[in-house]
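Asker: turn this into a model:
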Amino acid sequence: MNDLRKFLVTALAFGVVASAAAQSQLTILQTEAPRSMDPANQTATYTAAVLYPMYEGLVYMDEEQQILPGLATEWDINDDGTVYTFTLRDGVSFHDGSPLDVEAVVSSFARLLDTENALAGAGRFQPIIDTVEAVGDDQVRFNLANPYPAFLAMLTGAQAQVVSLEAWEEGDLDREAVGTGPYRFTEWVSGERVVMEANEDYWDGAPEVEQLIWTWSPEDAVMSMSLQTGEADIAAPLPPLFAANLEADPTIDVMQTTGSAVFWVALTTTNEPLDDARVRRALNHATDKQGIVDALLRGYGVPAAGPLAPPYFGFDEDQEGLPYDPELAAELLAEAGLADGFSLNIAVQEADAGVAEALQSQWADVNVQLNIQVMESGVWSDAAFADEEGKAADAIDASYASWATGTLDADGQLRPLYHTESFSPESANLGFFSNSRLDELLDEAAAIPDEEIRVELYREAQEILVDEAAHVYLFYQQALAAKSAEVNGIWLNPSGQIMVFKPTID
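Answerer: Got it, this is the predicted structure:
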């Protein structure tokens with residue numbers, strides 16, 4: 001319980017044990033620390049949650065999944081879907097006082113498109129956007145390389161949020177956020193907290209709550225106890241183990257929605273024997289997904305049949321996946337010359353050790369020895385997103401992770417994880433999976449406006465990914481969070497990101 005004691009010390013130091021209403025302050029507890037204060041240099045759901053109150057994009061997606069004006073008041077799309085022109089909102093300034101103008105927007109996206117900057121979230125944008133240019137004093141034009149039906153949805157993502165050109169040139173964005181949002185960055189104390197204060201000059205009116213404090217702990221018990229004792233006002237994600245109990249507490253609201261995150265094990269397909277699809281399929285057949293859902297998720301999830309979750313456009317509801325069948329798994333391993341089994345190393349974050357231990361037990365039944373390397377969040381990120389040479393040096397054969405995109409479009413979920421051009425560290429193809437037919441399908445589906453054709457292309461793509469077993473697909477988890485019943489004005493999106501923008505306290 002060292003994490004709980006540490007959290008209590010932090011809470012007492014900031015006075016959050018007192019009621020939130022009295023302090024006009026909210027404390028949000030998450031399972032992992034942020035990875036950057038630069039929205040374009042990260043791809044993590046819980047980092048995006050921290051950045052959300054401080055940054056804005058040209059457009060945003062609301063709770064009903066509607067795309068609405070943000071820093072742009074309106075937009076126009078040409079007939080073939082390759083040119084998008086946005087009119088900027090007048091009178092907006094960054095937190096450093098510099099103006100939100102056409103130069104700032106063009107520069108923000110230019111840095112994203114510049115491959116020399118090697119920003120972690122840039123890989124999705126670089127193949128889509130050809131150029132970005134100013135049109136007069138108040139418009140910005142995006143010229144796409146090809147039609148991309150999900151472009152507006154893509155712009156609602158954290159990586160497309162607009163940053164201060166001055167802050168970028170000074171080189172401090174990774175540590176100090178400078179956006180246009182309703183909260184200003186105050187401090188980031190590594191290992192402890194991120195603090196932000198209300199932006200009194202926010203263009204849409206200052207928020208009521210004066211201060212947000214973000215902190216983190218990988219301990220499930222901390223998430224639950226901090227809500228019940230009042231040390232935290234919001235906790236995300238809520239561990240399924242505690243959801244039922246908290247639902248019975250009248251002082252706490254449990255928030256849940258159909259989750260878009262797919263939880264999986266990325267297999268390093270360039271390592272022997274994982275370069276053999278029979279071995280990868282065997283690991284899928286050796287996995288009792290329902291057992292994991294029942295034991296660890298307490299029913300707040302369903303076994304994953306493939307790479308897309310139900311909320312996504314393009315989800316194939318007829319996909320059956322690779323069922324639990326340890327006998328078939330043993331046969332496949334024997335066919336691959338591994339009747340006596342083999343061993344592999346998996347990198348997991350501290351909060352995910354339970355899943356890895358369940359896999360370790362299940363795979364042992366087919367003579368596969370799973371060696372678990374439990375890592376702090378930042379260390380795990382470096383290991384999981386390493387290039388081929390780095391993974392070989394660290395002996396990383398597999399990485400346990402999840403992925404969800406707020407766009408809820410199949411391209412945003414499949415391209416970063418499986419396209420040949422998405423190898424880590426540039427994007428999130430952590431296992432270096434490559435299939436030329438899959439690349440063709442993803443490229444074609446991304447550029448065709450016809451939804452029926454796109455659905456059929458994505459159906460074939462899902463068949464390839466299941467058959468080739470790029471990942472060990474585990475489950476789709478119900479997105480869960482909890483808050484004090486006094487807190488309003490926040491919501492939970494399907495990716496599990498808690499959306500705290502302009503909260504209120506009763």
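
Asker: low-scoring stretches of the chain, by residue?
Answerer: 1-23 (pLDDT under 70).

Asker: care to break it down by domain?
Answerer: Per the record, the chain has its domains at 2-54+181-257+479-505, 59-169, 262-477, by automatic domain parsing.

Asker: tell me how far the longest one lies from the chain's centre.
Answerer: Distance, stretch centre to chain centre, for domain 262-477: 16 Å (Cα atoms, centre = their mean, to the nearest Å).

Asker: now do the same end-to-end measure for that domain.
Answerer: 7 Å (Cα to Cα, to the nearest Å).

Asker: is it true that residue 488 touches residue 505?
Answerer: Yes: between residue 488 and residue 505 there is a contact under Cβ atoms under 8 Å: 7.4 Å. For every residue, glycine as well, the C-beta is placed using N, CA and C.

Asker: where along the stretch 151-300 of the chain do the strands fall?
Answerer: 183-189, 193-198, 211-216, 234-236, 252-257, 262-267 (DSSP state E, counting those that start in this stretch).

Asker: and the ones you listed as JSON lines, adding mean neighbour count?
Answerer: Output for the strands of the stretch 151-300 of the chain, formatted as JSON lines (neighbours: other Cβ atoms under 10 Å):
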{"stretch": "strand 183-189", "mean neighbour count": "19"}
{"stretch": "strand 193-198", "mean neighbour count": "20"}
{"stretch": "strand 211-216", "mean neighbour count": "23"}
{"stretch": "strand 234-236", "mean neighbour count": "28"}
{"stretch": "strand 252-257", "mean neighbour count": "18"}
{"stretch": "strand 262-267", "mean neighbour count": "25"}
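
Asker: give me the neighbour count for residue 503.
Answerer: Residue 503 has 22 neighbours, counted by other Cβ atoms under 10 Å.

Asker: what separation is there between the residue nearest to it when sequence neighbours are not counted and residue 234?
Answerer: Leaving aside its sequence neighbours, residue 503 sits nearest to residue 489 (Cβ to Cβ, 6 or more residues apart in numbering; 4.5 Å). In this view, residue 489 and residue 234 are 11 Å apart by Cβ to Cβ, to the nearest Å.

Asker: same question, residue 130
Answerer: Counting by Cβ to Cβ - residue 130 and residue 234 are separated by 40 Å.

Asker: about what we covered before: what is the subsequent helix or strand relative to the host helix or strand of the residue nearest to residue 503?
Answerer: Assigned by DSSP states H and E, residue 489 belongs to strand 487-492. Sequence order places strand 498-505 as the next helix or strand after strand 487-492, per DSSP H and E.

Asker: so what does that next one touch, helix or strand wise?
Answerer: Contacts defined by 3 or more Cβ pairs under 8 Å, 6 or more residues apart in numbering; DSSP states H and E place strand 498-505 against strand 25-30, helix 45-51, strand 234-236, strand 487-492.

Asker: the nearest residue to residue 480 once chain neighbours are set aside: neighbouring residues, count only.
Answerer: Computed as Cβ to Cβ, 6+ apart, the closest residue to residue 480 that is not its neighbour in sequence is residue 238, at 4.0 Å. As a burial measure, residue 238 scores 30 neighbours (other Cβ under 10 Å).

Asker: wait, residue 238 touches residue 481, no?
Answerer: Yes: with contact defined as Cβ under 8 Å, residue 238 reaches residue 481; the gap is 5.3 Å.

Asker: residues shared between the contacts of the two?
Answerer: 254-255 (Cβ atoms under 8 Å, 6 or more residues apart in numbering).

Asker: where does residue 323 sit: helix, strand or coil?
Answerer: Residue 323 falls in the coil class when you classify it by DSSP: H, G, I helix; E, B strand; the rest coil.

Asker: not counting sequence-adjacent ones, nearest residue to it?
Answerer: In space, residue 323 is closest to residue 285, 7.1 Å off (Cβ to Cβ, 6+ apart).

Asker: just residue 360 next, same as before
Answerer: residue 370 (4.2 Å).

Asker: okay but the one you found is in contact with residue 356, surely?
Answerer: Yes: the criterion here is Cβ under 8 Å, and residue 370 meets it with residue 356 at 7.1 Å.

Asker: name the residues that touch the lengthiest helix in the chain?
Answerer: In the chain, taking DSSP state H as the definition, the longest helix is helix 451-468. Contacts with helix 451-468, where a contact means Cβ under 8 Å, 6+ apart, come from 149, 277, 280-281, 305-308, 313-314, 316, 319, 321-322, 410, 414, 418, 433, 435, 437-438, 441-442, 444-445, 448, 471, 473.

Asker: quick one: strands adjacent to the next helix or strand after that helix?
Answerer: Next in sequence after helix 451-468, counting helices and strands by DSSP H and E, comes strand 471-477. Sheet pairing of strand 471-477 (DSSP bridges) gives strand 262-267 (antiparallel), strand 301-303 (antiparallel).

Asker: for residue 117, which of those strands is the nearest?
Answerer: strand 262-267 (25.0 Å; Cβ to Cβ).

Asker: can you list contacts of that closest one?
Answerer: Contacts of strand 262-267 (Cβ under 8 Å, 6+ apart): 274, 280, 283, 304, 307-309, 346, 355, 359, 384, 397-404, 413, 417, 430-431, 469-477.

Asker: helices - which of those residues land there?
Answerer: Using DSSP H, the contacts of strand 262-267 in helices are 280, 283, 355, 359, 384, 413, 417.

Asker: of these, closest to residue 206?
Answerer: Checking the ones in helices among the contacts of strand 262-267 against residue 206 by Cβ to Cβ gives residue 413 as the nearest, at 36.2 Å.

Asker: what's around the residue nearest to that closest one when sequence neighbours are not counted, how many residues?
Answerer: Excluding the flanking residues, the one nearest residue 413 by Cβ to Cβ, 6+ apart is residue 405, at 5.3 Å. Look at residue 405: counted by other Cβ under 10 Å, it has 27 neighbours.

Asker: can you pull the contacts of residue 405?
Answerer: Counted by Cβ under 8 Å, 6+ apart, residue 405 has contacts 157, 260, 412-413, 416, 495.

Asker: who wins for neighbours among those?
Answerer: Neighbour max across the contacts of residue 405 (other Cβ under 10 Å) = residue 260, 29 neighbours.

Asker: is it true that that one touches residue 495?
Answerer: Yes: shown here, residue 260 and residue 495 form a contact pair, counting by Cβ under 8 Å, at 5.2 Å.

Asker: what do these two both touch?
Answerer: Shared contacts of residue 260 and residue 495, defined by Cβ under 8 Å, 6+ apart, are found at 404-405, 479.

Asker: narrow these to those in strands?
Answerer: Judged by DSSP state E, the subset of those located in strands is residue 479.

Asker: the more surrounded of residue 488 and residue 505?
Answerer: The neighbour comparison of residue 488 against residue 505 (other Cβ under 10 Å) goes to residue 505, with 19 against 14.

Asker: dig out what that one forms beta bridges with.
Answerer: residue 487.

Asker: that one contacts residue 490, correct?
Answerer: No: using Cβ under 8 Å, residue 505 makes no contact with residue 490, being 10.9 Å away.

Asker: quick one: the strands in the stretch 301-450 of the chain, in order.
Answerer: 301-303, 342-349, 368-375, 398-403.

Asker: most packed of those?
Answerer: Between these, strand 398-403 has the highest mean count of neighbours, a mean of 24, where neighbours are mean count of other Cβ atoms under 10 Å.
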